[in-house]
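# Here is my input, please return the structure:
(chains A and B, ligands or ions: 5)
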Amino acid sequence: MTPALEIEGLTLAVGGRKLVEDVSITVAPGEMVGLVGESGCGKSITALSVMRLLPSPPVRVLSGAVRVGGADVLAMAPEALRAMRGDRVGMIFQEPMTSLNPVFTVGDQIAEALEIHRGLSRRQALARAAELLALVGLPAPIEQLGRYPHQMSGGQRQRVMIAMALACEPKLLIADEPTTALDVTVQAQILALIDRLRREMDMGCLLITHDLGVVAEVCDRAAVMYAGRIVEEAAVGDLFAHPRHRYTRALIDTAPASNPPGTRLPSIAGMVPPPGAREHGCAFAPRCPAALPVCRTTTPALLGDAGHRAACWNPAPAEAAA
Amino acid sequence: MTPLLDVRGLTKHYAGPHGRVLHALEDVSFTVAAGEALGVVGESGCGKSTLGKSLLRLVEPTAGEVLFEGEDVLPLSRRAMAAKRRDMQMVFQDPFGSLNPRHSVGTIVGEPLAIHGMPGGKARVAELLDQVGLPADAAGRYPHEFSGGQRQRVAIARALALGPKLLVADEPVSALDVSIQSQIINLIGDLRRAYGLAMIFISHDLSVIRHVSDRIAVMYLGRIVEIGPAAQVFEAPAHPYTRALLSAVPRRPGAAQPRERIILHGDLPDPSSPPPGCAFHGRCPAAMPRCSVEPPELVSRHVAETGGTAIAACHLHEHADAPALEPA
Ligand SMILES: Nc1ncnc2c1ncn2[C@@H]1O[C@H](COP(=O)(O)OP(=O)(O)OP(=O)(O)O)[C@@H](O)[C@H]1O
Ligand SMILES: Nc1ncnc2c1ncn2[C@@H]1O[C@H](COP(=O)(O)OP(=O)(O)OP(=O)(O)O)[C@@H](O)[C@H]1O
Ligand code: SF4
Ligand SMILES: [Mg+2]
Ligand SMILES: [Mg+2]
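Residues are numbered from 1 along each chain as shown, chains lettered A, B, ... in the order given. Ligands and ions are numbered 1, 2, ... in the order given. Alright, predicted model coming up:
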């Protein structure tokens, strides 16, 4: 079956600085894949490159391919690109306020996509917009159609964003930190909603987050990014039970929830290197307690089988995580 | 024994939209003992920051008392309050916003010493930087030269300069990278142990709160709805909101079984038109008719399962089998 999304060997750069290197991710129809990593590691620009929404210049694609439903996105003509963006791929952006237009009502914004991409009349489009708002759990959806984004709470706006992303029943949903700005109780609602919809609509989903707990909760598989590269990729259960990359392992061990209350946490020394300051070899080496000499000179390849791969010269021993 | 901090009926109203009164903090009472860590959790807008700032009078409370070592600080003159802040300090979420970008780190950390005419100057600054794990040459550098985690260390060094007895930390790790959070949590823990510092730790992250707190207060729409020892609040939550909040926390990575989830519907109500009765009744899976009419009081009750005492504001809690004790 054609994957909903294939990113293959993607390298993005600004000037001489590589922001993202050799990133490959595949999302099957109906599958939820997590992309996790800390601030600045390149999650959002990877996602934006799927939509070809990166400002170019300065950001250039140095190598790699992006295919959505088998179609080569990087080679798409403007017309095809527009069709893909609103129709085949839905995207929930990290900043809901920047992607909702403050001067149009919520109803107008959802209906517009339906008129353009689905050729619905204004009336049909508004009726469908109300259905979508009900689907994402907003009370009194018909009244909501007439409201402006600033008249809604953060959680409500995020649900409007999801309704917009889902308007044309996309085959692929890219959700960039869809719940980070939300409270845990609202986060749980929204994740449950996305999870239900991807199953019902057989929609592939790339969920971007910095929260390992969120990944553990709803994803089938996950890729862990560090400093522009994917360092580990596996089915979620396997990833958390048997992390191989030392960074993944350290992230799991350092989480307060993995430790008895009040104890000192095992912590990761140092900080994440920014794009200009990444050294040769494994980018985690300067912070890694298990680094070998080779780690500082040669970049480790992502090795393993299709089920579980890690890019680590000295992988963590295969014992269950604490 | 007099607690270090005894807060009674603390209330803060802001001017809300359309001329309404915004009830940011409503009749909040609790105590903190010397050396104790009280965690404060709740959803965005429930009044956590307002609580922290009201205690230090960085905003002026509308009503209530804040007894610090037995003395109410709310009636104090500006000058007397400034002196009190030696003992009560605050650290904020955004370590960048709270540090003056034009001042060197040495000046920033040393400023409280200078203001209070404390001796020591440079030597004391060097000592403080060392305690928070910054290199000595940090004193001559500026905030923008530091990462978020390092800036939070600067803010902590500054807060500790005068040797306070109480530290109010408002989301001190929320803006930091996951791999940096544990460094700062450890630092705060080490300093607390070293100085016997009492702390009010505000966070929306329940796993962080559980880790650092001796007791936990759960807030909802300006009020404390449950308060108790950390282990009890987590293992035997008495209020339906606490239960929902705990069940919504994403599963610990690697945890075997998904737990039972309570998915709430609807959002936090508007603090400028708080619902009648229990503010949670519109989202509460256990709401009864009287919940939408009668506001529940904070009541303490013996919990047979744990042998402890749970303090919660919920009609269910009052009506449980065990006999109700004295109001909190
Ligand atoms: N238009 C741009 N020009 C130059 N650099 C950029 C541009 N957009 C992003 N970057 C840089 O690329 C890197 C990756 O950014 P990206 O936004 O993808 O991170 P992220 O993983 O999504 O982080 P966060 O978790 O904070 O959202 C960062 O170092 C960022 O500064
Ligand atoms: N200066 C102010 N003027 C008017 N209203 C305010 C002011 N500061 C806070 N509020 C309101 O008071 C309520 C409580 O705000 P507060 O900042 O204390 O919440 P919080 O629990 O700290 O939220 P968060 O988790 O988002 O930081 C909110 O409704 C907020 O909009
Ligand atoms: S008082 Fe009623 S509405 Fe409020 S939490 Fe208890 S049961 Fe729910
Ligand atoms: Mg991002
Ligand atoms: Mg706050």
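# Start and end of stretch A:297-314, how far apart?
14 Å (C-alpha to C-alpha, to the nearest Å).
# can you pull the buried residues of it?
A:299-300, A:302, A:304, A:308-314 (16 or more other C-beta atoms under 10 Å in any protein chain shown). Just so you know, the C-beta spots here come from the backbone N, C-alpha and C atoms, and that holds for glycine as well.
# Identify the farthest-apart pair in those.
For the buried residues of stretch A:297-314, the farthest-apart pair by C-beta to C-beta is A:Thr299 and A:His308; their separation is 19.5 Å.
# on that earlier part again, return only those of the buried residues of stretch A:297-314 found close to ligand 2.
Under the cut-off given by C-beta under 6 Å from any ligand atom, ligand 2 has nothing from those close to it.
# Would you mind giving these as TSV with secondary structure, pLDDT and distance to ligand 1 added?
Shown next, in TSV, are these (DSSP: H, G, I helix; E, B strand; the rest coil; pLDDT from 0 to 100; distance: C-beta to the nearest ligand atom, whole Å):
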residue	secondary structure	pLDDT	distance to ligand 1
A:Thr299	coil	94	18
A:Pro300	coil	96	21
A:Leu302	coil	95	18
A:Gly304	strand	92	23
A:His308	strand	95	23
A:Arg309	strand	96	20
A:Ala310	strand	97	20
A:Ala311	coil	97	17
A:Cys312	coil	97	20
A:Trp313	coil	97	24
A:Asn314	coil	96	25
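# Tell me which residue of the stretch 201-322 of chain A lies closest to ligand 3.
A:Glu217 (24.9 Å; C-beta to the nearest ligand atom).
# Hmm, that residue is touching B:Arg251, no?
Yes: using C-beta atoms under 8 Å, A:Glu217 is in contact with B:Arg251, at 5.3 Å.
# When the two are compared, which one has more neighbours?
More crowded of A:Glu217 and B:Arg251, by other C-beta atoms under 10 Å in any protein chain shown: A:Glu217, with 23 against 20.
# Quick check: that one vs chain B, distance?
A:Glu217 sits at a distance of 5 Å from chain B (criterion: C-beta to the nearest C-beta, to the nearest Å).
# Roughly how far does the closest residue to ligand 1 within the stretch 201-328 of chain B sit from A:Cys282?
Closest approach between the stretch 201-328 of chain B and ligand 1, counting by C-beta to the nearest ligand atom: B:Asp205, at 16.3 Å. Using C-beta to C-beta, to the nearest Å, B:Asp205 is found at 29 Å from A:Cys282.
# what about those two, which has more around it?
Between B:Asp205 and A:Cys282, A:Cys282 has the larger neighbour count (other C-beta under 10 Å), namely 30 against 18.
# Any idea how many residues pack against residue 24?
Since you didn't name a chain, this refers to chain A. The tally of other residues near A:Ser24 (other C-beta under 10 Å) stands at 16.
# please go with chain B instead
Neighbour number of B:Ala24 under other C-beta under 10 Å is 26.
# where are the low-confidence patches of chain B?
Counting by pLDDT under 70, chain B contains low-confidence ranges at B:95-96, B:252-259, B:319-328.
# Tell me where chain A is predicted with low confidence.
The model of chain A has pLDDT under 70 over residues A:96-97, A:319-322.
# Tell me which residue is most central in it.
A:Ile208 (2.3 Å; C-alpha atoms, centre = their mean).
# ok but it is inside a helix, no?
No: inclusion of A:Ile208 in a helix is not indicated when DSSP: H, G, I helix; E, B strand; the rest coil is applied; the result is strand.
# Rebuild the buried residues of stretch A:297-314 as a markdown table, extending it with distance to A:Arg157.
Output for the buried residues of stretch A:297-314, formatted as a markdown table (distance: C-beta to C-beta, whole Å):
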| residue | distance to A:Arg157 |
| --- | --- |
| A:Thr299 | 41 |
| A:Pro300 | 41 |
| A:Leu302 | 37 |
| A:Gly304 | 40 |
| A:His308 | 37 |
| A:Arg309 | 37 |
| A:Ala310 | 38 |
| A:Ala311 | 38 |
| A:Cys312 | 40 |
| A:Trp313 | 45 |
| A:Asn314 | 45 |
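# before we move on, what SS does the closest residue to ligand 3 within chain A have?
In chain A, the residue that lies nearest ligand 3 is A:Thr185 (13.2 Å; C-beta to the nearest ligand atom). What three-state DSSP gives for A:Thr185 is helix.
# Which stretches in the chain count as helices?
The chain I'm using is chain A. Ranges of helices within chain A are A:43-50, A:78-83, A:96-99, A:106-118, A:122-135, A:141-144, A:154-166, A:184-201, A:212-218, A:236-241, A:246-254, based on DSSP state H.
# nope, chain B please
Using DSSP H, the helices found in chain B span residues B:48-55, B:78-84, B:105-115, B:121-131, B:148-160, B:178-195, B:206-212, B:230-235, B:240-248, B:315-318.
# Taking chain B, what residue is nearest to ligand 4?
Closest contact between chain B and ligand 4, by C-beta to the ion, is at B:Asp177 (12.5 Å).
# Pull the contacting residues for that residue.
Applying C-beta atoms under 8 Å, 6 or more residues apart in numbering or on different chains, we find B:Asp177 in contact with A:38-39, A:210, A:271-272, B:148-149.
# okay if I get these as TSV plus distance to B:Val225 and neighbour count?
As requested, the contacts of B:Asp177 are exported to TSV (distance: C-beta to C-beta, whole Å; neighbours: other C-beta atoms under 10 Å in any protein chain shown):
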residue	distance to B:Val225	neighbour count
A:Glu38	34	19
A:Ser39	33	14
A:His210	29	19
A:Met271	38	19
A:Val272	38	24
B:Gly148	32	18
B:Gly149	33	22
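# Return the closest of these with respect to ligand 1.
Among the contacts of B:Asp177, and counting by C-beta to the nearest ligand atom, the member closest to ligand 1 is A:Ser39, at 3.4 Å.
# Relative to B:Gly35, how far out is the closest one?
34 Å.
# Alongside ligand 1, which residues does the stretch 51-200 of chain A contribute?
A:55, A:58-59, A:94.
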